[in-house]
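Asker: curious how this folds, go ahead:
(4 chains)
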Protein chains: 4
Amino acid sequence: MPAGRASAVDPARVSTFVVSITPFTENGVLDEGALRGHLQRMAAAGIGVYLGGGGSGEGYVLSDDETRRLLRIGVEELRGKVPVRAMGVEPRTSADMIDYFEMVGGTGVEAAQIYSLDQGHGHRPTQAEISRYFDDVLRATSLPAVLSTHQSVGYQVPVPMLVEMADRYDHLIGINVSHQDLGYLTSIVDALGTRLEIHVGGPHLALTALSLGATGYLSSEGNLAPHLCVGVIEAFREDRAQRMGELYGSLLRLSALLYAAGGIRATKAALNALGLPGGYPRLPQLPVPESMVPPLLEAIEQLGIGAIEGWG
Amino acid sequence: MPAGRASAVDPARVSTFVVSITPFTENGVLDEGALRGHLQRMAAAGIGVYLGGGGSGEGYVLSDDETRRLLRIGVEELRGKVPVRAMGVEPRTSADMIDYFEMVGGTGVEAAQIYSLDQGHGHRPTQAEISRYFDDVLRATSLPAVLSTHQSVGYQVPVPMLVEMADRYDHLIGINVSHQDLGYLTSIVDALGTRLEIHVGGPHLALTALSLGATGYLSSEGNLAPHLCVGVIEAFREDRAQRMGELYGSLLRLSALLYAAGGIRATKAALNALGLPGGYPRLPQLPVPESMVPPLLEAIEQLGIGAIEGWG
Amino acid sequence: MPAGRASAVDPARVSTFVVSITPFTENGVLDEGALRGHLQRMAAAGIGVYLGGGGSGEGYVLSDDETRRLLRIGVEELRGKVPVRAMGVEPRTSADMIDYFEMVGGTGVEAAQIYSLDQGHGHRPTQAEISRYFDDVLRATSLPAVLSTHQSVGYQVPVPMLVEMADRYDHLIGINVSHQDLGYLTSIVDALGTRLEIHVGGPHLALTALSLGATGYLSSEGNLAPHLCVGVIEAFREDRAQRMGELYGSLLRLSALLYAAGGIRATKAALNALGLPGGYPRLPQLPVPESMVPPLLEAIEQLGIGAIEGWG
Amino acid sequence: MPAGRASAVDPARVSTFVVSITPFTENGVLDEGALRGHLQRMAAAGIGVYLGGGGSGEGYVLSDDETRRLLRIGVEELRGKVPVRAMGVEPRTSADMIDYFEMVGGTGVEAAQIYSLDQGHGHRPTQAEISRYFDDVLRATSLPAVLSTHQSVGYQVPVPMLVEMADRYDHLIGINVSHQDLGYLTSIVDALGTRLEIHVGGPHLALTALSLGATGYLSSEGNLAPHLCVGVIEAFREDRAQRMGELYGSLLRLSALLYAAGGIRATKAALNALGLPGGYPRLPQLPVPESMVPPLLEAIEQLGIGAIEGWG
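Answerer: Here you go, the predicted model:
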């Protein structure tokens, strides 16, 4: 029987992060100018930033040198203004993730995410292997770390294992939960909500997560609409239910719109068309067809995003 | 590309309904005393009531005479205090549903639900058959009707078909949506949200639905905790985001608790143990084992439900 | 750890059944002439017949009188030639199923199927309720019975419960398994394969089931192509792997073709167009559009069904 | 409407491959002695071999040097006896796969597999990106290539795109299909079955695939029981349906047994316990607990595998 819980939601602690895009030039070179411009826009909106993630950040096609450069630029532009963290990609072994933390350690980011182990080919590690992996990684670093449990690897990290890691490692500061499983999320919040940050991945469970006592949510939508994303959190903090609902409704519609149009391929195209720094995706991803951009912009405007973000 | 939308949420219109249990005696006779007591408790909490539903209402094991009696008692106890509606069960043919509406028409309920057609055996009707079915039923009645699109039948009623029915029949007053599909829900709200009531089935999407501009949610949890269910809606109306979150977090935890313990079997047992009218389930359902009741009550108390409902 | 098994497949015991269509006139009246014609065609092909099933047999829209009539005609046409059984529909209570067995008992069918309990609305019975249900039904009858475990009710009957029922009731003669779960099927065959008939529902696992030691398969495809369905079984019995594979490949392609074209709606239309008795579906099902029939017939011919069935 | 097909199964063309394990020492060093021993056993059984795959071959934790060494040893032990091919792992970019083909080209393997693009993090490429990827890779090599469409990447390569690649590139010699989707498999066989080898991944659809006209199946089970795997194919070729069914039933039971016990972790442990070369898994995978080995061996014996493989 699930345990009950009486703890109230703490509005002072809530927060949101954007999983930042990585702008490239049309020829696929890291576009440092666009990157700085984009991060300045994020900082101005007051949203925390995860850099180099495997999804929105195209982390899988970055070389180590590029990742280092990306993180250093992130630190230069963001540190002291908003939280700046490294996200990285799912590793095949603990050695992969330990190498990543070593590389990241020198860049000045404030924390880094530890992705769940992805053995590849749809295979799932055993419980013993999952535990061994997190132990090996957390023991090898002292950088503040956020553990990710994400549906893309095909399994959930068991809640007792999360608690064990939190008990064992003080530098484990948070959990990013990206399963659409309310019972699992509730169990994590009930077990660790007062000790660690708990963010859900994506906006779909954002209000639900806040209600359960989680810290907030991560999004890719913040790349286009950081004020909108922060606005949902601020409305909760300011105790304005209807404003929160209105913004959240727009965020969900924006999310569906961008996802259907091609994800960060569409986000980058929309930013460019709006005169904001966005850049291009790198291969194997291809830009969206140009004919898709005008109707996308029109749909974004119908959602009233321009007024919220200050470009409309 | 999904269409954008600018309409704000209207806090004056929001509402919630309980899908009422049907109390039986231990021998399986409709328990009219417990029924009246239960409905009085619902009325006192100010929650709308759907009667005789196929899930929480055990509608599938009620005879026609019992359904009529149930609805008449419902009207006596609820009418003028809170909305009172008939829910019914999924039909095999339009004739089944037309018969149901005829039966219901004489009882004084204010509206009745039209379930989606369930041809049985996991088979799904064609688009033409779904349309024909709704047309046949809606043409045959003038009672205010709420159309249900529910995951249990294995298909979604297409949004354009919902719009067509709304255009054609003025007595179609609402849609109950019980699919966990955010895009589908959004499309329904965008197409019909200003013309019809739109409630989601179950609490899992309640805040999300309100944010998208839907009217509210239905629940079985209201049988145990009607003030909690109403409280979420009131907090939204009173523009109190944190109160809303806190109550909603409790509601989600209560929902998981009751579901894991046996659904309405557990709800009835908990009500009885609390000295409230609940009754017993009827065969083929069996009561929960008695040993499950004390830990269930304890978990309910840890959620603080007693204080909210006024029994603690 | 799954238990091993050494028992070989017994080619003498293999068999297949058709889940018969129920022909109606265009106005929805039970078409006794077409029914007799259809059953004579089945008997001539040597295929066992299940009558009045909830899927292919449109059992959910038959009145009790019609079901009785259907079964009596079935007995007249089939008994002594091929096995003739009643299939029926998923019940809401044990009382429903007991009533069905009483009705069926007087018609002369050789056996009847006990469907798994379907409480409706997507709800699932507890283990105790499933066990109580089968016990109540099996105790109330002495007619040879075949227990059905089918994915449409949303749960599997646990293998130990199947064994318990087989131990307790000698008139339980078979299990019809319609889950696409190889492990579950294997467990049933390993536990009961030497004592009971075990058929899989539908052709998709037919060869796999025979290889595991099951008795055979049920199909709706047999309504159009009974010789094809029997041919797969005969090729196995005659130890002709390549002939079996060739026929089975045609059966799978025919199955996909009919399913995509509308299931028994398409089967009936194809039979009519071929000059064979098929009849029409009854509401809420609608006939397939006439324009679909010529390409359907052409695709059937390309599969070489005509030559196998003797109409080509 | 799916197209019909009249082509018969060609028993002369059928075949099966094992996705070979990669033996490591207990300390995680590539165990060349065990590798040679294992491959000699495969060659003796007459089964084709894929080397270095991302699942059974632990390809994700092999360095480039190890992969080259593995393939060279494979060629030394297998070439001229049984087909020897490189399998590799899912790439993030076409550049990854082109590099792989260059590396593989010098080793003497007869063909290599082109995995579907896996952009990581559960993201799916667009149609244009999938097409661009296969084009880039196939244009960059002249080594005989087998295209893989596998459920682990979360999408199916569209059949028309497969046909386009087959039209464009003569060195595309086969398709490995690992989706449990009968319709998709049928479409591929109907479109390309007479021009290319088509193997299904895993034994679950093996007989079904042969019946549809595919070439055969790949398995990991062949590492333990190569004669069993080849036996199924031989029985088909020798037109012995019952022998085929019996062996296939054993293969399915063995597959369930090994999967439940830990996949290749269990396979390696069983091989070692039987005195056959198996080696150990490399991190992040851990060996199965020793207590699991005796019951595993016993279950394997109950399936009669020893007699088939010649160790019993």
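
Asker: by proximity to chain C, which residue of the stretch 51-200 of chain A wins?
Answerer: A:T126 (15.4 Å; Cβ to the nearest Cβ). Where you see a C-beta, it was placed from the backbone N, CA and C, and this is true even at glycine.

Asker: neighbours around that residue, how many?
Answerer: 16 (other Cβ atoms under 10 Å in any protein chain shown).

Asker: okay, it: pLDDT?
Answerer: Predicted confidence (pLDDT) for A:T126: 97.

Asker: contacting residues around the closest residue to A:L207 other than its chain neighbours?
Answerer: Excluding the flanking residues, the one nearest A:L207 by Cβ to Cβ, 6 or more residues apart in numbering or on different chains is B:L207, at 4.4 Å. With contact set as Cβ atoms under 8 Å, 6 or more residues apart in numbering or on different chains, B:L207 has these partners: A:207-208, A:211, A:245, B:232, B:244, B:248.

Asker: which of these lies closest to D:V293?
Answerer: A:T208 (45.5 Å; Cβ to Cβ).

Asker: ok, and the closest non-adjacent residue to that closest one?
Answerer: B:L207 (6.4 Å).

Asker: the helix or strand encompassing that neighbour: what's the following helix or strand?
Answerer: Assessed by DSSP states H and E, B:L207 sits inside helix B:206-212. Later in the chain than helix B:206-212, the nearest helix or strand by DSSP H and E is strand B:216-219.

Asker: and chain D, is the helix or strand where A:A256 lies touching that?
Answerer: Assigned by DSSP H and E, A:A256 belongs to helix A:241-261. No - Helix A:241-261 does not reach chain D (Cβ under 8 Å from any Cβ of the partner chain); its nearest approach is 11.0 Å.

Asker: and that helix with chain B, contact?
Answerer: Yes - with Cβ under 8 Å from any Cβ as the measure, helix A:241-261 is seen reaching chain B through A:241-242, A:244-246, A:248-249, A:252-253, A:256-257, A:260-261.

Asker: between the contacts of B:L207, which is closest to C:Y155?
Answerer: Set against C:Y155, the nearest of those by Cβ to Cβ is A:T208 (27.7 Å).

Asker: one step back: quick one: which of the residues of helix A:241-261 next to chain B is most hemmed in?
Answerer: Most crowded among these, counting by other Cβ under 10 Å, is A:M244 at 31 neighbours.

Asker: hmm, B:R240 and that residue touching each other?
Answerer: No - A:M244 is beyond contact range of B:R240, at 10.5 Å (criterion: Cβ atoms under 8 Å).

Asker: tell me the one of the residues of helix A:241-261 next to chain B nearest B:V159?
Answerer: A:A256 (13.8 Å).

Asker: pretty sure that closest one contacts B:L185?
Answerer: No - judged on Cβ under 8 Å, A:A256 makes no contact with B:L185 at a distance of 10.6 Å.

Asker: tell me which element A:P295 falls in.
Answerer: Secondary structure assignment for A:P295, by DSSP H and E: helix A:293-302.

Asker: now the closest residue to A:V157 other than its chain neighbours, which residues is it bridged with?
Answerer: With sequence-adjacent residues excluded and distances taken as Cβ to Cβ, 6+ apart, A:V157 is closest to A:T149, at 4.3 Å. For A:T149, the beta-bridge partners are A:V177 (DSSP bridges).

Asker: residue contacts, A:T149?
Answerer: A:116, A:156-157, A:162, A:175-179.

Asker: for A:G154, same thing?
Answerer: A:G154 is in contact with A:122, A:124, counting by Cβ under 8 Å, 6+ apart.

Asker: same question for the one 5 residues further on.
Answerer: The neighbourhood of A:V159, defined by Cβ under 8 Å, 6+ apart, consists of A:184, A:187-188, A:191.

Asker: could you dump those to JSON lines with secondary structure?
Answerer: Shown next, in JSON lines, are these (DSSP: H, G, I helix; E, B strand; the rest coil):
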{"residue": "A:Y184", "secondary structure": "helix"}
{"residue": "A:S187", "secondary structure": "helix"}
{"residue": "A:I188", "secondary structure": "helix"}
{"residue": "A:A191", "secondary structure": "helix"}
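
Asker: in those residues, find the pair that's most separated.
Answerer: A:Y184 and A:A191 (10.8 Å).

Asker: looking at these two, which one has more neighbours?
Answerer: Taking A:Y184 and A:A191 together and counting by other Cβ under 10 Å, A:A191 has the greater number of neighbours (19 against 16).

Asker: fine, thanks again, bye for now.
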